[in-house]
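S.K.: Sequence and predicted structure, then a few things I'm wondering about:
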Amino acid sequence: MNLADLTRFWGKTRSQQQAIVFGDTSQTWAEVDAITDALARGLAARGVRKGDRVAVMMLNRPELAHVILATLKLGAISVPLNFRLTAKELAPMVVDSAPRVVIVEDDFASLLEVAAEQAEFETHAIGGTAHQPYERLIDPGTAPVVAIDADDPGFICYTSGTTGVQKGALITHRNAMTPGISQSITFGFSSRDRVLCSAPLVYTGSILSIFMQLVVVPGATMVLLREYDPEIALDTFEREQITATTTVPVIWERMTMLPDFGTRKLARFTFAGTGGAPVSLDLLDFYRSHGIPLTQCYGLTEASGMVSTLAYEDAVSRPGFAGLPLVGTHIRIGDPGVDTPAGEVGEILVRGEHVLREYWNKPEATEATLGEGWLRTGDLGLQDEVGFLKIVDRSKDMLISGGLNVYPAEIEKALHGIAGLVDLAVIGVKDDRWGEVPMVVFHSERP
């Protein structure tokens, strides 16, 4: 089984069920299956073959989901690119992944200019006239038949490091599906669920943890928001009768400020996830009182986005913990082969079928991270006598602001170009809204 198989399966067995809802428009699973077949044919005509890379950079829209699924149908590798990065930051990712085709919204096409000076690729754009139009990639008909194994790569998701050097986590079809299967067992996801995706689909937490795992695996309906707005999100909760979503605590907090929250007629949630930053008991209690018990999640890109979950009841009895591992996920503390007593702090190691296959083009980094059969997360934690995980600290030089990983080394590198700066350091400080924010301490030649 692979993600392409699932797309075709839902196209046949859930043919009239909504697959994607976007504003006032929607597409059934049969329509999505046909559209992605046509797009796969068009990409194949442009020379995309199994193992080739197709990069994509857009705000949320149905075409973004189509490109991802069409790429997977060809046995090719989807490379989501973050439009919030600069052209200089994106260039190493494009050069490293060497995509045959890059598909963008025209507003973001200029972000590829630096990469285009260093690598060869075709650019197809939605809107504008400077690049080949996206519409020319649509070739109605059945997609080429490609033999795809569950352990074939499906995604390269870039994650930065303490030195600011991007690493591409190679995620296979099996990797991407496994947390979805585990969560379906735990929470009871089904094709009846309606899943809201408000964060950019090019983020790992959206493309894997929402689109692949909560939508494609159970054959559910994905409701896409172009961009996040708390009032629009709450309206969508009610209008579309959303039953599942996951987002960072600051987003959940912004919705609590809406004065009419308590008057809305919302559906019963199968799953309301949050993670990436500490979650206050007040926030948990607010949503619990409105019939939405938040589940805290801990994960990282290298584990396809998910490692453990903490239910509301456990959050009350074990404040500060990150929960129990997903079904099929194994966690240990400290070095492999060494039994660390309950309550003792060490590096969190993870093993399971959702752990990345390797870092793309980085064998040394792969060996350092996976060499002993366990994923070294870089996070420090402990497990209690029952097995509940608690995150104590991060061994990596990183802070999390609004659910996004922020690396001080990257900020320091950018600021060092300012004339008159003698030295500087970036540190994380607590913030009531964002969890953490970077603060710059500097020494300048200027008085």
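M.R.: It's in.

S.K.: measure the closest residue to Arg351 other than its chain neighbours to Glu353 for me?
M.R.: Distance criterion C-beta to C-beta, 6 or more residues apart in numbering; nearest residue to Arg351, sequence neighbours excluded, is His330 at 4.5 Å. No exception for glycine: its C-beta is placed from N, CA and C like everyone else's. His330 sits at a distance of 10 Å from Glu353 (criterion: C-beta to C-beta, to the nearest Å).

S.K.: what does Glu347 give?
M.R.: Taking C-beta to C-beta, one finds Glu347 at 21 Å from Glu353.

S.K.: So for His330 and Glu353, which sits in the more crowded spot?
M.R.: In this view His330 and Glu353 are compared by other C-beta atoms under 10 Å, and Glu353 has more residues nearby, 17 against 12.

S.K.: Excluding sequence neighbours, find me the nearest residue to the more buried one.
M.R.: Thr178 (4.4 Å).

S.K.: what's the spacing between the strand or helix carrying that neighbour and its chain's center?
M.R.: Assigning secondary structure by DSSP states H and E places Thr178 in helix 173-187. Distance, stretch centre to chain centre, for helix 173-187: 14 Å (C-alpha atoms, centre = their mean, to the nearest Å).

S.K.: In the sheet, which strands lie alongside the next helix or strand after it, parallel or antiparallel?
M.R.: Counting by DSSP H and E, the next helix or strand C-terminal to helix 173-187 is strand 194-197. Applying DSSP bridges, strand 194-197 is found paired with strand 221-224 (parallel), strand 244-247 (parallel).

S.K.: closest to Thr204 out of those strands?
M.R.: Closest of the strands paired with strand 194-197 to Thr204 is strand 244-247, at 12.0 Å (criterion: C-beta to C-beta).

S.K.: Restricting to C-alpha, output that closest one in PDB.
M.R.: What follows is strand 244-247, C-alpha atoms only, in PDB (Å, rounded to 0.1, in the frame of the first residue of the first chain):
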ATOM      1  CA  ALA A 244     -10.600  17.400  13.400                       C
ATOM      2  CA  THR A 245      -7.700  19.700  13.100                       C
ATOM      3  CA  THR A 246      -4.300  20.400  14.700                       C
ATOM      4  CA  THR A 247      -2.400  23.700  15.100                       C
END
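
S.K.: Tell me which helix or strand comes right after that strand.
M.R.: By DSSP H and E, the next helix or strand past strand 244-247 is helix 249-256.

S.K.: burial of the residue nearest to Ala44 when sequence neighbours are not counted, as a residue count?
M.R.: Residue nearest to Ala44 in three dimensions, not counting chain neighbours: Pro144, with 5.2 Å by C-beta to C-beta, 6+ apart. Neighbourhood size, Pro144 [other C-beta under 10 Å]: 17.

S.K.: Just confirm Pro144 contacts Ala40, I think it does.
M.R.: Yes. Here Pro144 reaches Ala40: they are 6.9 Å apart, a contact under C-beta atoms under 8 Å.

S.K.: shared neighbours of those two, which are they?
M.R.: Shared contacts of Pro144 and Ala40 (C-beta atoms under 8 Å, 6 or more residues apart in numbering): Leu74.

S.K.: quick one: Val279 and Thr295, what's the gap?
M.R.: 10 Å.

S.K.: Also Leu415?
M.R.: Distance from Leu415 to Thr295, by C-beta to C-beta: 38 Å.

S.K.: Then Ser280?
M.R.: Taken as C-beta to C-beta, the span from Ser280 to Thr295 is 15 Å.

S.K.: between the two, which one's more packed in?
M.R.: Applying other C-beta under 10 Å to Ser280 and Thr295 shows that Thr295 carries more neighbours, namely 23 against 12.

S.K.: confidence score at that one?
M.R.: Looking at Thr295, its pLDDT is 97.

S.K.: likewise Ala409?
M.R.: 57.

S.K.: Repeat that for the one 4 residues further on.
M.R.: The pLDDT attached to Lys413 in the predicted structure is 57.
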